[in-house]
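>>> this one's sequence-less:
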C-alpha cells in the first residue's frame with residue numbers, strides 16, 4: 001500500500017505540473033456544461049414564420065396574433081402570395097408558412113370548422129414535428145376562445161349567412177412537411193453526420209499530425225531545412241484536405257446505397273463548398289497544434305472544440321430551440337453553416353443563390369482561421 005501511495009503521489013505531482021492538462025480537466029467540462037445545456041434542448045422559441053392571410057378578417061388576424069403572442073413563433077412577415085413564402089422556405093429564412101384560406105371566418109360561422117395549412121420545413125427533422133405541434137395547440141386554444149364570439153346568428157348576420165354556426169368552432173390544421181414529407185430522420189441526419197465525420201477527420205488529424213512532429217522533436221529539425229514554413233504547412237495539410245473530400249465521397253455513396261438519401265441538388269456544388277469548409281477545419285486543427293505540446297493534448301482540445309461545434313450546429317437539436325445568445329454565437333460556427341448547406345443541397349435541391357449567405361460566412365471563416373493559424377504557427381516556430 002505504501003508503494004501504491006508513493007506512486008500515486010508522484011502521478012499527482014506529474015499532473016499538477018502540466019498546467020494545460022489541469023486547465024483542460026477542470027475548466028473544459030464546466031464550459032461545456034454551461035454552453036451545451038443551453039444548446040441541447042428541444043423547446044422551441046421564436047421560430048421564424050411567414051403568414052399568408054387570404055381571408056383578412058378580424059378572426060384571421062386574431063389567429064395570427066395568438067401565434068405571435070405564444071412565444072413560440074416570430075412572424076417575420078405577412079406576405080400576399082404563397083410563392084414569396086415558399087421562396088423563403090426554400091432559402092431557409094423561415095421554418096414554417098401559415099396559410100389562412102379565403103372564407104376562413106365564414107367557414108367557422110357556417111360549419112364550425114375552418115382549415116389552416118401549415119407548411120413546415122421538414123428538412124429540420126424533429127423541429128418540424130415540434131413546431132407543428134405548437135402551432136396546432138395554439139390554434140386549437142384560439143378556436144376554443146372563439147365560441148362566445150361566434151354566437152349563432154351574430155356573425156352570420158354580419159357575413160350575410162342564412163345558416164348559423166353549429167357547435168363549437170374548430171380549426172382544421174392541415175400539416176404539410178416540405179422537402180421531407182415522411183419525416184424520415186435518416187434524410188436529415190445522414191447529411192449532417194457526413195459533415196461531422198469530415199470535421200473530426202480534418203481537425204483531429206491536422207492537430208495530431210503537427211503535434212506529433214513537435215512531440216518527436218522533428219519540427220525543429222524541419223525548421224532549419226531549406227523548406228519554407230509555408231511549404232511545410234501546405235505539405236502537411238494538402239493530403240488531409242484530399243482525405244476529407246474522399247471521406248465525403250464515400251459517405252455520399254453509402255448514404256445513397258444504404259439509406260437512399262435524396263440528392264436533389266448539385267453534387268459538384270456540394271463538393272465546391274466542401275473544399276472551402278475543409279480549409280476551415282484544417283485551419284482549426286493547425287491552430288490547435290500551435291497551443292499544445294503533445295498528441296494527447298491535441299486530442300483533448302480538439303474533442304472540446306468539435307463537441308461544442310457539433311452540438312451548436314443544429315445537427316442533433318434544432319437551432320430554433322436554442323437560447324437566443326447561443327443562436328447568436330452559433331452564427332460564427334462553421335459546422336452549422338456546412339450542415340445547413342449540405343441539407344439544403346441534398347434535400348431541397350437548393351442552388352448557389354439559396355446557399356449564398358452561409359457560404360459567404362464559410363469563405364470568410366476560412367480566410368480568418370487559416371490566417372490566424374499560420375501566424376500563430378510561425379510565432380511558435382520562430
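Cool, got the structure. It should be emphasised that the depicted structure is a prediction, and the values quoted were computed from it without experimental measurement. Residues are numbered from 1 along each chain as shown.
>>> for the stretch 1-150 of the chain, what spans make up the helices?
2-17, 19-39, 58-69, 82-91, 104-111, 126-145 (DSSP state H, counting those that start in this stretch).
>>> Let's verify residue 174: helix, strand, or coil?
Using DSSP: H, G, I helix; E, B strand; the rest coil, the structure places residue 174 in strand.
>>> Contacts only, for it.
By C-beta atoms under 8 Å, 6 or more residues apart in numbering, the residues touching residue 174 are 115-118. Glycine gets a C-beta too; all of them are placed from N, C-alpha and C.
>>> ok, residue 374 - how many residues close by?
Other residues within reach of residue 374 by the criterion other C-beta atoms under 10 Å amount to 17.
>>> and what of residue 242?
Taking other C-beta under 10 Å as the criterion, the count of residues near residue 242 is 11.
>>> List the residues that contact the residue positioned nearest the centre of the chain.
Centre of the chain computed as the mean C-alpha position; nearest residue by C-alpha atoms, centre = their mean is residue 314, 2.6 Å away. Contacts of residue 314 were listed using C-beta under 8 Å, 6+ apart, and they are 124, 192, 330, 336, 339-340.
>>> Next step: those restricted to strands.
For the contacts of residue 314, not one is inside strands, with DSSP state E as the criterion.
>>> Turn those into CSV, columns for pLDDT.
Formatted as CSV, these follow (pLDDT from 0 to 100):
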residue, pLDDT
124, 66
192, 85
330, 87
336, 92
339, 91
340, 90
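>>> nearest to residue 364, of those residues?
Closest approach to residue 364 among the contacts of residue 314 (C-beta to C-beta): residue 336, at 14.0 Å.
>>> With residue 292 as the reference, measure out to the residue nearest to the closest one when sequence neighbours are not counted.
Distances taken as C-beta to C-beta, 6 or more residues apart in numbering put residue 313 closest to residue 336, at 4.2 Å, once the chain neighbours are dropped. When C-beta to C-beta, to the nearest Å is the yardstick, residue 313 and residue 292 sit 24 Å from each other.
>>> do the same with residue 68
Distance, residue 68 to residue 292, by C-beta to C-beta: 49 Å.
>>> Which of these two has more residues huddled nearby?
When residue 68 and residue 292 are compared for neighbours, residue 292 comes out ahead with 22 against 15, by other C-beta under 10 Å.
>>> For the more buried one, which residues are in contact?
Going by C-beta under 8 Å, 6+ apart, residue 292 touches 20, 207, 211, 298, 301.
>>> Between those residues, which sits nearest residue 49?
Using C-beta to C-beta, the contacts of residue 292 come closest to residue 49 at residue 301, 39.5 Å.
>>> Counting neighbours, what do you get for the closest one?
A count of neighbours around residue 301, defined by other C-beta under 10 Å, yields 22.
>>> Quick check, pLDDT for it.
pLDDT recorded at residue 301 is 85.
>>> by contact count, what packs against whatever helix or strand it lives in?
In this structure, residue 301 is located in helix 295-311 according to DSSP states H and E. The helices and strands touching helix 295-311, judged by 3 or more C-beta pairs under 8 Å, 6 or more residues apart in numbering; DSSP states H and E, are helix 19-39, helix 185-216, helix 267-291, helix 334-343.
>>> okay, these in JSON lines with mean neighbour count and distance to residue 319 next?
Formatted as JSON lines, these follow (neighbours: other C-beta atoms under 10 Å; distance: least, C-beta to C-beta, whole Å):
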{"stretch": "helix 19-39", "mean neighbour count": "13", "distance to residue 319": "9"}
{"stretch": "helix 185-216", "mean neighbour count": "21", "distance to residue 319": "12"}
{"stretch": "helix 267-291", "mean neighbour count": "21", "distance to residue 319": "18"}
{"stretch": "helix 334-343", "mean neighbour count": "27", "distance to residue 319": "7"}
